[in-house]
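[1] mind looking at a prediction? Sequence and model below.
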Amino acid sequence: MLMTFAFILAMADTTIDARGACMDSVKQVPYNLGWPLDRTTQVVRIDKIVSTSSMTPQEVLGFLYTRQDGATLAGTRSSRYMSAVSWSVMNQVLASTHAPSVTQTAFSQKANGNEFLKVNIPADAMGALNIRLEPCVAWPQGRPLPDVGP
């Protein structure tokens, strides 16, 4: 009984996975996202972009991918999980937070979740954008990333 209780406590302390995809995210921790194919472009964290709007409360709209080099890229869910309102909100997020080097201000529905655009989402902008971030998958800090394949 005591061992079972200790196991449950240990499991409760684990809030996010350390490896793999987040729900239907196209990319996984610790795979590469972008060029060059080295450790700097490996995904070390995936957060869910969740709606706080009354029209789509608690709906996961997309994912925020954080690379080893600190770059953050937004991506949508696959089309089958996206409503017209979801696309609208994600495009609003992109239009408001895209990196200066990104000229595209809307996600393409044809990309079906395979589009990743650099963004910078300041914490104080989330309320106005009707979103919040929820942790999903993260590579443990201090653990070396695996070698990058060809």
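    Structure's in. What do you need? Residues are numbered from 1 along each chain as shown.

[2] and Ile46, that's in a strand?
    Yes - under DSSP: H, G, I helix; E, B strand; the rest coil, Ile46 falls within a strand.

[3] could you check how far Tyr81 is from Gly62?
    10 Å (CB to CB, to the nearest Å). For every residue, glycine as well, the C-beta is placed using N, CA and C.

[4] the more surrounded of those two?
    Neighbour count, other CB atoms under 10 Å: between Tyr81 and Gly62, Gly62 has more, with 27 against 15.

[5] any weak-confidence spans in the chain?
    1-16, 149-150 (pLDDT under 70).

[6] tell me which element Ser86 falls in.
    Element membership of Ser86 [criterion: DSSP states H and E] is helix 84-97.

[7] and that helix, C-alpha only, in CSV?
    Provided in CSV are the C-alpha atoms of helix 84-97 (Å, rounded to 0.1, in the frame of the first residue of the first chain):
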residue,chain,number,x,y,z
ALA,A,84,-12.8,28.2,-39.2
VAL,A,85,-12.6,30.1,-35.9
SER,A,86,-9.4,28.2,-35.0
TRP,A,87,-7.8,29.2,-38.2
SER,A,88,-8.8,32.8,-37.7
VAL,A,89,-7.4,32.9,-34.1
MET,A,90,-4.1,31.3,-35.2
ASN,A,91,-3.8,33.7,-38.1
GLN,A,92,-4.4,36.6,-35.7
VAL,A,93,-1.6,35.2,-33.4
LEU,A,94,0.8,34.9,-36.3
ALA,A,95,0.0,38.4,-37.7
SER,A,96,0.6,39.9,-34.3
THR,A,97,3.7,38.0,-33.2
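
[8] now for that helix, which elements pack on it?
    Here helix 84-97 touches strand 43-51, strand 60-67, strand 72-76, helix 126-129, going by 3 or more CB pairs under 8 Å, 6 or more residues apart in numbering; DSSP states H and E.
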